[in-house]
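Asker: Predicted coordinates and the sequence they were generated for:
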Amino acid sequence: MNLHPPAPRVLVVDDHRKIRDPLATYLRRHSFDVRSAGDAAGMWQLLKQQDFDVVVLDVMLPDGDGFELCQQLHRRCKLPVILLTARDTTADRIRGLDLGADDYLTKPFEPRELVARLNSVLRRHQATQARLEASTAAETPRRFRFAGWQFCASSATLRRENHAQVQLSTAESRLLQVLLQHPHLALTRQRLVDLTAAHDSEISERAIDRQVSRLRRKLAHDPQAPELLRTLWGSGYVLAADVSHD
């Protein structure tokens, strides 16, 4: 039996090969499982292919601003990020931290300092995730009731009296749960993208439109009934129903 925990998975993103490759080699020697990318496109491709525990991200990339990418990583993937930059200014450090960076290193730096910061960031992130999971398990509703429907989040099913059970896809279930947690509240398409995107997928606003259309068809049991998922033109969508849960 292997009693050793898996090596932390680190994604190093830097467009300078002479920095990226030696740094990846050094981190592997210190028991990290490392992948590397030379640009933002390569980073997103790797994130689609596998899970990571932390991203080491250069601020200056040929196809993306590191500060904006940091914000996207924080929003979409909930991944801790350590920024690397050659600009040692207080304004840059504050901006990076405000956008979700967990730490900040100025080039040139000692690789052993990065190792220490990686271990520190991972410990903090693991502790935070444990608290969030415990809180979510205790607080997240698993069964919702609205407009005569019952929705079970754990099985992704909809039920209605005298009607056959309706099975939802994972994406439809995630979207419906978000809408049920925000009844009568207008949610923009971008907000729905942020709330429904899983770390291993990339959701577009057009995909949200398609998921809403499918949900409407599954909820349309009575042509005379008011529409539950309403479009706010130029804005987004709203669930027009009172919701209870347990």
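Answerer: Perfect, thanks for sending it. Numbering: from 1, shown residues only.
Asker: Would you map the helices across the protein?
Answerer: Along the chain, the stretches classed as helices by DSSP state H are 17-29, 40-49, 66-76, 90-98, 111-139, 170-180, 189-196, 205-219.
Asker: Tell me which of the ones you listed lies nearest to F151.
Answerer: helix 170-180 (6.2 Å; Cβ to Cβ). All C-beta atoms are positioned from the backbone trio N, CA, C, and that covers glycine.
Asker: quick one on the thing from earlier: tabulate the helices of the chain in a markdown table, adding columns for mean pLDDT and distance to L158.
Answerer: Formatted as a markdown table, those follow (pLDDT from 0 to 100; distance: least, Cβ to Cβ, whole Å):
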| stretch | mean pLDDT | distance to L158 |
| --- | --- | --- |
| helix 17-29 | 94 | 47 |
| helix 40-49 | 94 | 30 |
| helix 66-76 | 84 | 27 |
| helix 90-98 | 72 | 41 |
| helix 111-139 | 75 | 22 |
| helix 170-180 | 89 | 8 |
| helix 189-196 | 81 | 17 |
| helix 205-219 | 87 | 7 |
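Asker: Could you export the ones you listed as CSV, including distance to W233?
Answerer: Formatted as CSV, the helices of the chain follow (distance: least, Cβ to Cβ, whole Å):
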stretch, distance to W233
helix 17-29, 46
helix 40-49, 31
helix 66-76, 25
helix 90-98, 33
helix 111-139, 34
helix 170-180, 18
helix 189-196, 12
helix 205-219, 12
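Asker: domains for this structure, by residue range?
Answerer: 9-137, 143-245 (automatic domain parsing).
Asker: measure the last one end to end?
Answerer: Between the opening and closing residues of domain 143-245 we find a distance of 6 Å, counting by Cα to Cα, to the nearest Å.
Asker: returning to what we had before: among the helices of the chain, which comes closest to V55?
Answerer: helix 66-76 (6.0 Å).
Asker: in that closest one, what's buried?
Answerer: G66, F67, L69, C70, Q71, Q72, L73, H74, R76 (16 or more other Cβ atoms under 10 Å).
Asker: now swap in stretch 23-43 and tell me
Answerer: Buried, per 16+ other Cβ under 10 Å, within stretch 23-43: 23-24, 27, 30, 32, 34-40, 42-43.
Asker: and that stretch, C-alpha only, in PDB?
Answerer: C-alpha atoms of stretch 23-43 as PDB (Å, rounded to 0.1, in the frame of the first residue of the first chain):
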ATOM      1  CA  LEU A  23      12.600  25.800 -13.000                       C
ATOM      2  CA  ALA A  24      10.400  22.700 -13.900                       C
ATOM      3  CA  THR A  25      13.400  20.400 -13.400                       C
ATOM      4  CA  TYR A  26      14.300  22.000 -10.100                       C
ATOM      5  CA  LEU A  27      10.700  21.600  -8.800                       C
ATOM      6  CA  ARG A  28      10.600  18.000  -9.900                       C
ATOM      7  CA  ARG A  29      13.700  17.400  -7.800                       C
ATOM      8  CA  HIS A  30      11.700  18.800  -4.900                       C
ATOM      9  CA  SER A  31       8.800  16.300  -5.300                       C
ATOM     10  CA  PHE A  32       6.500  18.300  -7.400                       C
ATOM     11  CA  ASP A  33       4.600  16.900 -10.400                       C
ATOM     12  CA  VAL A  34       5.300  19.700 -13.000                       C
ATOM     13  CA  ARG A  35       3.900  20.600 -16.400                       C
ATOM     14  CA  SER A  36       4.900  23.700 -18.300                       C
ATOM     15  CA  ALA A  37       3.600  26.000 -21.000                       C
ATOM     16  CA  GLY A  38       5.100  28.900 -22.900                       C
ATOM     17  CA  ASP A  39       1.900  31.000 -23.400                       C
ATOM     18  CA  ALA A  40      -1.700  31.400 -22.300                       C
ATOM     19  CA  ALA A  41      -3.000  29.100 -25.000                       C
ATOM     20  CA  GLY A  42      -0.800  26.300 -23.900                       C
ATOM     21  CA  MET A  43      -1.900  26.900 -20.300                       C
END
